[in-house]
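In: just coords:
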């Protein structure tokens with residue numbers, strides 16, 4: 001017995017509760033790729049890439065569970081529902097396990113395997129859950145762990161490779177008195193399930209050697225899936241018989257309700273005890289699909305596909321019902337744009353060096369009135385009668401929000417009107433020209449990126465790898481190509497990035513090498529600034545994001561930090577000082593540069609002139625108007641952000657919702673800073689009344705720009721005064737920050753900047 005040698009392998013339980021964010025956040029995840037399915041309690045549980053949905057077999061209602069509900073948004077590897085204990089267990093590629101208890105709002109995170117230092121990071125993947133007599137046997141890439149479902153705590157872990165080494169265990173099953181474990185490294189191992197010394201590898205014996213990807217019980221028999229897609233029945237005393245084989249890879253091998261279901265990319269079949277086939281499907285009418293999971297329940301197949309969600313197919317038919325929650329096309333949004341009530345999302349994927357290879361051929365998603373319309377790549381390419389890959393930017397026409405312009409980083413400029421009128425501008429129907437790049441004269445295509453509309457309704461955009469880089473498209477569709485060679489070597493610029501237009505109508509855009517470039521359309525003048533002191537003082541010449549705030553200051557994001565150009569009016573004056581400045585703040589009395597060395601991917605300005613800043617690795621920063629104060633900081637650890645890699649941000653100017661496109665999905669924060677209104681007709685206050693226990697801020701929304709807001713008690717004593725930056729302000733219900741005001745009715749007195757309009761509202765506060 002070598003029990004002493006394995007004491008260090010025991011995992012002690014570490015369970016914590018993840019926060020539910022439903023009050024402040026909305027998740028917009030794609031559920032189209034179903035990697036695992038379980039069942040119980042009258043429901044089907046489907047695991048998508050990083051979220052879960054539930055299908056009620058009785059009511060046929062759908063419910064989703066995502067990072068907004070407390071899931072981690074990591075890559076899910078397996079899922080299991082325990083009907084005995086009423087818990088849904090989700091396993092992840094990282095080794096994390098999360099538990100959703102029926103009727104509970106919060107998610108329990110089990111980090112024992114994730115945090116275990118003696119297990120290498122690449123061996124922590126959770127492969128399978130198997131329940132037996134209250135214990136959940138967890139098959140993982142290192143071995144087996146046991147979790148007590150009644151106590152919600154870990155027991156032992158079994159490392160059962162040669163001499164107690166870690167080997168991958170992909171499935172376990174219990175038949176009669178034995179637990180079986182399959183491995184692609186060590187065959188199928190077995191031991192007496194009630195043996196108190198299962199932690200000792202010598203208590204395990206080899207039932208069958210070779211390489212195996214699954215083991216399942218069916219009736220009183222044990223079946224294993226060999227790596228060559230053969231199905232073997234194991235004999236209790238040793239030996240086996242081949243009962244079937246498949247000419248394509250088996251992707252699902254699970255027993256549910258005494259039926260063994262075997263799934264390949266194109267077929268699904270299920271077997272009763274004795275390995276008697278009960279039903280088989282090899283085609284489904286009206287659907288093209290590739291399967292990656294499947295189970296059989298109540299004379300129905302539930303088939304998990306790679307792109308179209310879950311299909312329900314009754315036994316004996318090839319007629320399917322698609323089960324797919326409302327959501328976008330994919331969980332890899334690259335860029336988005338928002339107008340009130342509408343969101344456009346594209347899924348291009350160029351790297352930090354503007355390299356579009358390998359090409360991404362993905363469609364487009366549009367959200368209107370809480371419903372997603374998805375245009376798959378195949379439909380999109382058919383609509384434009386050709387290939388259109390690497391869609392990297394989307395800009396909605398502010399004067400016609402039914403019109404969106406989308407940049408392809410190889411195929412040109414796409415105009416979409418409504419959801420069904422597509423026009424691709426390329427070398428065949430516009431002055432846009434393909435670029436051939438030395439030294440091999442490779443065809444780089446038409447690499448369009450950043451775009452913005454000016455006040456006259458002209459669209460301005462950029463093409464890389466050419467001196468004819470700056471492009472203007474009039475409202476009538478006429479193109480003007482502008483040569484930039486007087487200011488920059490356009491042929492060598494692998495990427496012209498973001499483009500924004502100032503109040504004066506100046507066009508500013510970033511480049512990968514040159515820095516910040518400005519163009520005055522009135523006289524054709526160019527100017528640029530770089531990282532040299534006295535000639536720009538940029539932190540880097542690799543500019544990625546630009547944003548004008550409400551004071552016409554230009555915020556400049558680069559791969560190495562942030563700068564602000566406080567005056568753009570003199571940008572084309574050679575005598576003016578056009579050095580951009582860092583934002584300096586004090587931390588413990590020591591001056592620090594804001595976002596020092598951070599790779600900034602986007603900057604957006606909300607209705608209160610505050611700044612939302614996205615980074616490539618550290619989440620999102622929400623800064624005060626002058627950047628001196630960090631109002632909020634969102635990461636995947638303290639918010640529903642699916643990833644700290646945030647690629648784009650967009651803000652709904654009417655309701656203040658802030659959308660975040662991350663590398664693992666799209667989420668939205670229910671912000672309160674809105675764009676200013678033209679009048680005070682839509683002023684409203686929320687929450688109202690303010691009830692006991694409320695600790696947040698009261699929002700006064702629907703304001704005009706620079707409106708004066710005074711709050712007094714019923715006797716006229718002033719307790720708060722401010723001037724709006726945008727369409728809303730927030731009051732912390734204190735008297736100028738000194739103390740919380742008492743219960744009572746408070747008057748909100750609002751006057752427009754020109755004093756021509758006033759409005760009075762009331763707030764009831766109950767302490």
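Out: On my side now, so go ahead. All figures in this text were calculated on a predicted structure; none of them were measured in a lab.
In: report the helix or strand with the lowest average pLDDT across the chain.
Out: strand 15-18 (a mean of 77; mean pLDDT, DSSP states H and E).
In: partners of that one, with directions?
Out: Strand 15-18 has its sheet partners listed here by DSSP bridges as strand 107-110 (antiparallel).
In: so how far is the longest helix seen in the chain off the chain centroid?
Out: For the chain, the helix with the greatest residue count under DSSP state H is helix 377-384. The chain centroid and the centroid of helix 377-384 are separated by 24 Å, computed with Cα atoms, centre = their mean, to the nearest Å.
In: run through who's touching that helix.
Out: Contacts made with helix 377-384 from outside it, assessed by Cβ atoms under 8 Å, 6 or more residues apart in numbering, are listed as 361-364, 375, 387-388, 414, 422-424. To be clear about C-beta, it is placed using only N, CA and C from the backbone, and glycine gets the same treatment.
In: now, of those residues, which are buried?
Out: Taking 16 or more other Cβ atoms under 10 Å as the criterion, what is buried in the contacts of helix 377-384 is 361-364, 375, 388, 414, 422, 424.
In: break the chain into its domains for me.
Out: Under automatic domain parsing, the residue ranges defining each domain of the chain are 15-22+31-253, 254-324, 328-483, 583-674, 684-765.
In: distance to residue 492 added to those domains, as a markdown table?
Out: What follows is these, written out as a markdown table (distance: least, Cβ to Cβ, whole Å):
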| stretch | distance to residue 492 |
| --- | --- |
| domain 15-22+31-253 | 38 |
| domain 254-324 | 39 |
| domain 328-483 | 8 |
| domain 583-674 | 22 |
| domain 684-765 | 41 |
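In: figure out which of those is closest to residue 534.
Out: domain 583-674 (18.9 Å; Cβ to Cβ).
In: which residues touch the spatially most central residue of the chain?
Out: The structure's the chain has its C-alpha centroid closest to residue 665; by Cα atoms, centre = their mean the separation is 1.5 Å. With contacts defined as Cβ under 8 Å, 6+ apart, the neighbours of residue 665 are 27-30, 50-51, 66-67, 73, 331-333, 642-643.
In: out of these, list just those in strands.
Out: Helix and strand membership here follows DSSP state E; of the contacts of residue 665, those in strands are 27-28.
In: report the buried members of the contacts of residue 665.
Out: If you count burial by 16+ other Cβ under 10 Å, the buried members of those come out as 27-30, 50-51, 66-67, 73, 331-333, 642-643.
In: pipe the residues you listed into a markdown table and attach pLDDT and distance to residue 547 per row.
Out: As requested, the buried ones among the contacts of residue 665 are arranged in a markdown table below (pLDDT from 0 to 100; distance: Cβ to Cβ, whole Å):
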| residue | pLDDT | distance to residue 547 |
| --- | --- | --- |
| 27 | 98 | 26 |
| 28 | 98 | 23 |
| 29 | 98 | 27 |
| 30 | 98 | 28 |
| 50 | 97 | 29 |
| 51 | 98 | 31 |
| 66 | 98 | 29 |
| 67 | 97 | 27 |
| 73 | 95 | 27 |
| 331 | 98 | 26 |
| 332 | 98 | 24 |
| 333 | 98 | 19 |
| 642 | 97 | 24 |
| 643 | 98 | 22 |
